[in-house]
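Engineer: I'd like to go over a predicted model; first the sequence, then the structure.
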Amino acid sequence: MGENLAYIVTKLLGSPEEAECISKFELHDHRPANHFRLILITEKNAWCRNISIELSNGKTFGINVGESYGKDHSKVKWDEMLIDLEGATWLKCYYSKMKVVMTTLKVKELNSSQMEALKTKTMVFYWPNDDSSYFNDASNRPSPGQIGASA
């Protein structure tokens, strides 16, 4: 079978030091076969954050969220994407944010057995402003249902 989902999430986020700037949770909400959904949520006044996915089969996916990008909900901006993993043997996840220009902060790679753990799941990433603890308070982390994400 595939690898443990908690391990895959850790692999996507990186070390605890890397992961402390982006919190996440996963939902077992039955996305279509060979797909997973990624939701990115930032503080409403955040400079642009981007998560891009590159697959070995040539498909690419990406979302921008921040002050001028994404959908509004209370004090956050958000967007979502459904990633089709069909035929892919590896996945690269790029984390970028606006500084003076859009800057890639890190790249994480998953192999096909690790990708199995993502299939039919939803991953929600909360990416705060630099030096912000906003998402440390669970009441500031809206669920997909609360922000109006697709069912």
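Structural biologist: It's in. Numbering: from 1, shown residues only.

Engineer: What is the burial count for the nearest residue to residue 55 once chain neighbours are set aside?
Structural biologist: Leaving aside its chain neighbours, residue 55 sits nearest to residue 88 (3.9 Å; criterion: CB to CB, 6 or more residues apart in numbering). Where C-beta positions appear, they are placed from N, C-alpha and C, glycine not excepted. Residue 88 has 19 neighbours, counted by other CB atoms under 10 Å.

Engineer: thought residue 88 was touching residue 112?
Structural biologist: Yes: under the criterion of CB atoms under 8 Å, residue 88 is in contact with residue 112, at a separation of 7.2 Å.

Engineer: related to what we said a few turns ago, quick one: contacts for the residue nearest to residue 55?
Structural biologist: Taking CB atoms under 8 Å, 6 or more residues apart in numbering as the criterion, residue 88 is in contact with 55, 56, 57, 59, 112, 115.

Engineer: where does it land in three-state SS?
Structural biologist: The three-state label given to residue 88 by DSSP: H, G, I helix; E, B strand; the rest coil is coil.

Engineer: quick one, phi/psi of it?
Structural biologist: Phi and psi for residue 88, reported as degrees, to the nearest 10, are phi -90, psi 140.

Engineer: where does the nearest residue to residue 91 once chain neighbours are set aside fall, phi/psi-wise?
Structural biologist: Nearest residue to residue 91, sequence neighbours excluded (CB to CB, 6+ apart): residue 110, at 4.6 Å. In terms of degrees, to the nearest 10, the main-chain angles of residue 110 are phi -120, psi 140.

Engineer: Next: residue 33.
Structural biologist: Note on residue 33: backbone dihedrals following degrees, to the nearest 10 are phi -50, psi 140.

Engineer: Could you do residue 32 as well?
Structural biologist: phi -60, psi 150.

Engineer: Tell me how many other residues crowd the residue lying closest to it once chain neighbours are set aside.
Structural biologist: Computed as CB to CB, 6+ apart, the closest residue to residue 32 that is not its neighbour in sequence is residue 120, at 7.3 Å. Residue neighbour count, defined by other CB under 10 Å, stands at 15 for residue 120.
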